[in-house]
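> I'd like to go over a predicted model; first the sequence, then the structure.
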Amino acid sequence: NFLSLSNKTIEKNTSAYFDLKPTIPSGYTLVGAFIRDTQALENGIIPIYSLATQGSISFRVVNMADQTITLTETMKVSFYLLIKKG
């Protein structure tokens, strides 16, 4: 499923950070996450990295466009999640 981003305005040539909390099945632990797809991210917004720790994903994007861009809750991202049992 896609995870909603929070509302943020990103000036050109700057980055923004998000902390997302995916739903993990009971008995499993989140150990990693890779960006799979972005939905409705504006042109020029480039994903930089994601790091999964303690059940959440820290996610960073950079604005490479020549203008300020506002991200809204309707813009979403999905990940391949690496989980382990136990």
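Everything's here; your move.

> helix or strand: which one has Ser50?
Ser50 is part of strand 45-53, with elements assigned from DSSP states H and E.

> in stretch 28-39, what's buried?
The neighbour-count check on stretch 28-39 (16 or more other CB atoms under 10 Å) flags Leu30, Ala33, Ile35, Thr38 as buried. C-beta coordinates here come from the backbone N, C-alpha and C atoms, glycine included.

> please apply the same query to stretch 71-86.
Per 16+ other CB under 10 Å, stretch 71-86 contains these buried residues: Leu71, Met75, Lys76, Val77, Phe79, Leu81.

> who are the neighbours in contact with the first one?
Yep, that's Leu71 we're talking about. Contacts for Leu71 (CB atoms under 8 Å, 6 or more residues apart in numbering) come out as Leu5, Ser6, Asn7, Lys8, Thr9, Ile10, Ala16, Leu41, Glu42, Ile45, Val61.

> how far away is the residue lying farthest from the centre of the chain from Ser26?
Distance from the centre of the chain peaks at Gly86, with 25.0 Å (CA atoms, centre = their mean). Using CB to CB, to the nearest Å, Gly86 is found at 11 Å from Ser26.

> returning to that earlier point: what lines up beside the strand holding Ser50 in the sheet?
Paired with strand 45-53 in the same sheet, following DSSP bridges, are strand 56-63 (antiparallel).

> give the next helix or strand downstream of the strand it pairs with.
As assigned by DSSP H and E, the chain's next helix or strand after strand 56-63 is strand 69-71.

> centre of the chain to that following strand, how far?
14 Å (CA atoms, centre = their mean, to the nearest Å).

> now do it, average pLDDT.
The pLDDT scores in strand 69-71 average 87.

> so how far is the helix or strand of the chain at the bottom of the mean pLDDT ranking from its chain's centroid?
Sorted by mean pLDDT, DSSP states H and E, the helices and strands of the chain end with strand 3-4, the least confident at a mean of 80. With CA atoms, centre = their mean as the basis, strand 3-4 stands 8 Å off its chain's centre.
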